[in-house]
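*Asks:* let me see the structure of the following:
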Amino acid sequence: MTGKSEQNTTALAEAHRAAQAADLDSAARWAKQAAKQAPRDPAPHMLLGDIDLACSRYSAAAKRYREALRRKPDLVEGHGNLGVAWLRQGEFEKAVQSFERVLRLQPNDVSALLNLGYVAQAQGGIEAALRYYQQAIAVAPDQAEAYNNAAVLYFSAQEYTQAIDLLQQAIRIAPDYSEAHNNLGNALLAQGRLGAAIESYRTAASLQPEHPGVWNNLGNALIDRGDLDQGMAALEHAITPEARYPVAVSNWLMALNYRPHITLEGLYQAHKQHGPRFGTPAAVSRKGVTANPLRIGFVSPDFRQHPVAYLIEPVLASATPGVLEIFCYSDVGQGDAVTARLQGYGHAWRDIHGQSDTAVADMMRRDGVRVLIDLAGHTAQARPSLFARRAAPVQVSWLGYFSTTGLAAMDYFIGDEVCTPLAWQPYFTEKLALMPHTRFCYRPPADAPAPAPLPSASGKLFTFGCFNILAKLNAEVIALWSEILRAIPDSRLILRARFLEDDDTRQALAARWQAAGAPLDRIQMFGPVPHAQLLAAYAEIDLALDPFPFGGGMTTLEALWMGVPVLTLLGDRPAGRQSASFMQTLELPQFVAANGAEYLQCAMAVQADTKMLAAVRNTLRERMRGSPLCDEKGFMRNLVTLLQQLL
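*Replies:* Numbers count the residues shown, from 1 in each chain. The predicted structure is shown next:
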């Protein structure tokens, strides 16, 4: 005859075997049988709690762990697992109590210290979290997770060198620690060490190929270096049906705008195909929402030092009380002086960073916003899923994005006659709404230096320049600009861009120029400098070259303000027509080419006519000042009229 204790041992053993085989249903049945057979044994309840925890049934797991602790109050593992269950539910105070109980029973328990650090970090107690992680390191110097977690805190405080040191220690302890390699990539990237960051991301992806976030980071870094095809291929690992990683979908759609050979129809179809991945629109009642004054909301992660902030500032500064009521929904994690300046215009300011789409949409409905304007589209940190929830009766895409969003809940796209001619309506899921002159309004920086004289007029080498990001320098751009340099032997090209301070990145770009037959001795590459120095650097440039098919926006406006005209191509997509829109608004069509051959001829003609170029340079700032590009009041009147027409 088999006794009860032996039966219970058998049932519990079967439960553990089933759990190890990932057959959780069988494991739960055996564990419940074991619990009935041995009512005082905490072990079956612990296993049932583990099963519930694995299935994200956190409340049920907490109940099971409490049952185990009722049978054995000093069970360290029970208090630790109960703390995890509380933590997963967001019950931070209860979690802290459980982890502190672990430390009373077992001082210097590393898991409890790490979890207490995580709770403190989640609640914003950075210093307290760091103390817990440092204590864990002191107790267990071979605990890689503690180094990694402490590094994340240093990274969030922008102390990148310390973060890198800690992450390298974590990797020495655990070379296969994918998360540490990924975080190291983030820290290296923040320091501008793009080549090393890419290698860290590659290592993380090889160690954890199923993790979409790692592929997303690798893809973005490769695109930052100008390796568009490799970058998009990496992003595709993160947008499979299994991955369900919408951030990577937005990054992939954004990258499509850089791709030379995709058609406008192809851009449209890709955005339309992926639009539903961000959610299905909900119905919104228009009751109680008045149109006078017009209550609008701007949503952006870029209310900070960013081109979008500079372009929205004239609107915030020029809004007339009684005509517009403006709500700014800021998704900025860490504000700066620009953030403070925008807040100073006195409009309603809502900090939505870290809040769920549901909470933010409910807030917008309570605010009674009638027209909600997305300033990000599919750019970095955008929230298309928020707009997919239909948070306002009328939703509009403007300013920050250059193509259709593909969202069924986005009603309008604000463009202009050059960037988005009405003939392109079939390539937008939104209805085109056109501003009369330009879809941008530029407020020049108050501290911009005066335009310098034409450098080549004093006998210096004729200098072309481009200060756009490396992602825009595709093979076609490099080939055409190399041809320009060969056709004009007494010329040079200056490139300024983020990551060009990185030796690996600079060498990779130089290899691409060399492959295109460019005279490398006449190409100079410089990394980023403070904004005032960047503007002053235009004193060296005779003519700016606009890349294609994705041209400049703010970069072009700044060059023009510094007296440097921009040679551009009338592109086949909105992102390729921004500079052309500016040049036509300024009545300078001679700097707009229809194709590559004409682009080359224009560059040669301008270089040969320095008298004309000097005359344009001497009058360009005043031309801008008197144009619709800088007419804040006129732009605001046109914008209000357009928005009222959308109701």
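
*Asks:* for Val418, list the residues it contacts.
*Replies:* For Val418, the residues meeting the contact criterion (CB atoms under 8 Å, 6 or more residues apart in numbering) are Thr438, Arg577, Ala580, Ser581, Gln584. (C-beta placed from N, C-alpha, C; glycine too.)

*Asks:* try Ile198
*Replies:* Here Ile198 is in contact with Gly185, Leu218, Ala221, Leu222, Arg225 (criterion: CB under 8 Å, 6+ apart).

*Asks:* tell me the secondary structure at it.
*Replies:* helix (DSSP: H, G, I helix; E, B strand; the rest coil).

*Asks:* can you map out the helices along the stretch 201-350 of the chain?
*Replies:* 212-225, 228-237, 246-256, 264-274, 307-318, 337-343 (DSSP state H, counting those that start in this stretch).

*Asks:* to Gly400, which of those lies closest?
*Replies:* Smallest distance to Gly400 across these (CB to CB): 4.8 Å, for helix 307-318.

*Asks:* distance from the chain centre to that closest one, please.
*Replies:* 20 Å (CA atoms, centre = their mean, to the nearest Å).

*Asks:* about what we covered before: any idea which of the helices of the stretch 201-350 of the chain gets closest to Glu483?
*Replies:* Of all those, helix 228-237 sits nearest to Glu483, with 20.8 Å by CB to CB.

*Asks:* identify all contacting residues around the helix or strand where Leu372 lies.
*Replies:* Leu372 belongs to strand 371-374 when assigned by DSSP states H and E. Residues outside strand 371-374 that contact it (CB under 8 Å, 6+ apart): 294-300, 364, 382, 384, 387, 391-401, 405, 410, 643, 646-647.

*Asks:* could you flag which of these are buried?
*Replies:* Burial by neighbour count, 16 or more other CB atoms under 10 Å: within the contacts of strand 371-374 this picks out 294-300, 364, 382, 384, 387, 391-401, 405, 410, 643, 646.

*Asks:* in this protein, which residue is most central in space?
*Replies:* Ala380 (2.1 Å; CA atoms, centre = their mean).

*Asks:* what's the neighbour count on the nearest residue to it once chain neighbours are set aside?
*Replies:* Closest residue to Ala380 apart from its sequence neighbours, by CB to CB, 6 or more residues apart in numbering: Pro301 at 7.1 Å. Residues near Pro301, counting by other CB atoms under 10 Å, number 22.

*Asks:* pull the contacting residues for Pro301.
*Replies:* Pro301 makes contact with Ser330, Asp331, Val332, Ala376, Ala380, Gln381, Ala382, Arg383 under the criterion CB under 8 Å, 6+ apart.

*Asks:* again, but for Met363
*Replies:* Tyr329, Arg350, Ile352, Gln355.

*Asks:* for the last one, give me its contacts.
*Replies:* With contact taken as CB under 8 Å, 6+ apart, Gln355 is in contact with Met363.

*Asks:* report the separation between it and Ala361.
*Replies:* Distance, Gln355 to Ala361, using CB to CB, to the nearest Å: 10 Å.

*Asks:* the strands in the stretch 351-500 of the chain, which residues?
*Replies:* 371-374, 394-397, 412-416, 431-435, 462-466, 491-496 (DSSP state E, counting those that start in this stretch).

*Asks:* now do the residue nearest to Ala452 when sequence neighbours are not counted against Pro436, distance only.
*Replies:* The shortest distance from Ala452 to any non-neighbouring residue, by CB to CB, 6+ apart, is to Ala539 (3.5 Å). Distance check for Ala539 against Pro436: by CB to CB, it reads 34 Å.

*Asks:* and if you look at Gln158?
*Replies:* 43 Å.

*Asks:* before we move on, what about Ala146?
*Replies:* 60 Å.

*Asks:* one step back: just give me the closest of the contacts of Met363 to Asp109.
*Replies:* Gln355 (33.8 Å).

*Asks:* need the phi and psi values for that closest one.
*Replies:* phi -90, psi 150 (degrees, to the nearest 10).

*Asks:* out of the contacts of Pro301, which comes closest to Lys472?
*Replies:* Checking the contacts of Pro301 one by one against Lys472 (CB to CB), the nearest turns out to be Ala380, at 15.6 Å.

*Asks:* need the pLDDT of the closest one.
*Replies:* Listed pLDDT for Ala380 reads 93.

*Asks:* and Ala291, by the same measure?
*Replies:* 58.

*Asks:* and His79, by the same measure?
*Replies:* Reading off the model, His79 has pLDDT 89.

*Asks:* ok, it - contacts?
*Replies:* Going by CB under 8 Å, 6+ apart, His79 touches Leu69, Ser98, Phe99, Arg101, Val102, Leu105.

*Asks:* buried ones only from those, please, as a PyMOL command.
*Replies:* Selecting only the buried entries of the contacts of His79 in PyMOL, with 16+ other CB under 10 Å as the criterion:
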select buried, resi 69+98+99+101+102
